[in-house]
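Novice: I'd like to go over a predicted model; first the sequence, then the structure.
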Amino acid sequence: MANSSIESLSTIQSLVQRLCEEPNLAQTMALITKLKHIRCLKKDDFLSLNKLLIVEYFGRRRFKEGMKLFGRLCGEDSKWAPDYSLCEEVIKGCYRWPMGFEALRVVRFMVGNSAIPGPDSWGLVLRCLLREARVREAQELNEAFVGCVHKEGGTLVNGLEKLAKVIDRVLNDWEN
């Protein structure tokens, strides 16, 4: 097989579509749980399957289910945390559904794992915030992000810590 990517297998795509037709996440979560315990399963294949599921849920306007699946991947008991490309897809889904709070939580997860979204995804996060009339928060977050990207005032780690603090404060204010 020339391309061994799980995403290119039509059987996997059919499985994803079938699982997303179910009225709840029970079968999807059961499959994901069983797959986590298969020793020969590669991390990339596991995350690719989850990415396909999340994107399919978003495409079917089932944002809540897609975010639950993503949240489970981010949990402490998760064997493999979401990778950069999966986080970027979730941010895109949050933009399509004006869900600025959730997009910012994804960015916080990324920052906690020493990563930052690319400029396109960051722009989507800011647009989500602006849609929800959070102009001051968007400006403050963007300043912290720019400082992180340009490594102003120290190392990237210092920039990530500053960005994390700003995100945490904005999320906390948003919830209260």
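Specialist: Good, I have the coordinates.

Novice: and the residue nearest to residue 171 when sequence neighbours are not counted, which of the three is it?
Specialist: In space, and not counting its chain neighbours, residue 171 is closest to residue 104: 6.0 Å by Cβ to Cβ, 6 or more residues apart in numbering. Using the backbone N, CA and C atoms, a C-beta is placed for each residue, glycine as well. State at residue 104, reduced to three classes by DSSP: H, G, I helix; E, B strand; the rest coil: helix.

Novice: which residues touch residue 104?
Specialist: Listed by Cβ atoms under 8 Å, 6 or more residues apart in numbering, the contact set of residue 104 reads 125, 128, 129, 141, 167, 170, 171, 174.

Novice: The spatially closest residue to the first one that is not a sequence neighbour: neighbouring residues, count only.
Specialist: Taking Cβ to Cβ, 6+ apart as the measure, residue 125 lies nearest to residue 103, with 4.7 Å between them; neighbours along the chain are not counted. Summarising burial for residue 103: neighbours were counted as other Cβ atoms under 10 Å, giving 26.

Novice: Touching, residue 103 and residue 91? I think so.
Specialist: Yes: Residue 103 is within contact range of residue 91, at 5.3 Å (criterion: Cβ atoms under 8 Å).

Novice: Spit out the residues that contact the two alike.
Specialist: By Cβ under 8 Å, 6+ apart, the residues touching both residue 103 and residue 91 are 124, 125.

Novice: any weak-confidence spans in the chain?
Specialist: Residues of the chain that meet the criterion pLDDT under 70 lie in 1-8, 150-157.

Novice: quick one: the helices in it?
Specialist: 10-21, 26-36, 43-59, 63-74, 84-96, 100-112, 119-131, 135-149, 156-175 (DSSP state H).

Novice: Residue 50 contacts residue 32, doesn't it?
Specialist: Yes: in this structure, residue 50 is within contact of residue 32 by Cβ under 8 Å, at 7.0 Å.

Novice: Show me the domain layout of the protein.
Specialist: 1-82, 91-176 (automatic domain parsing).
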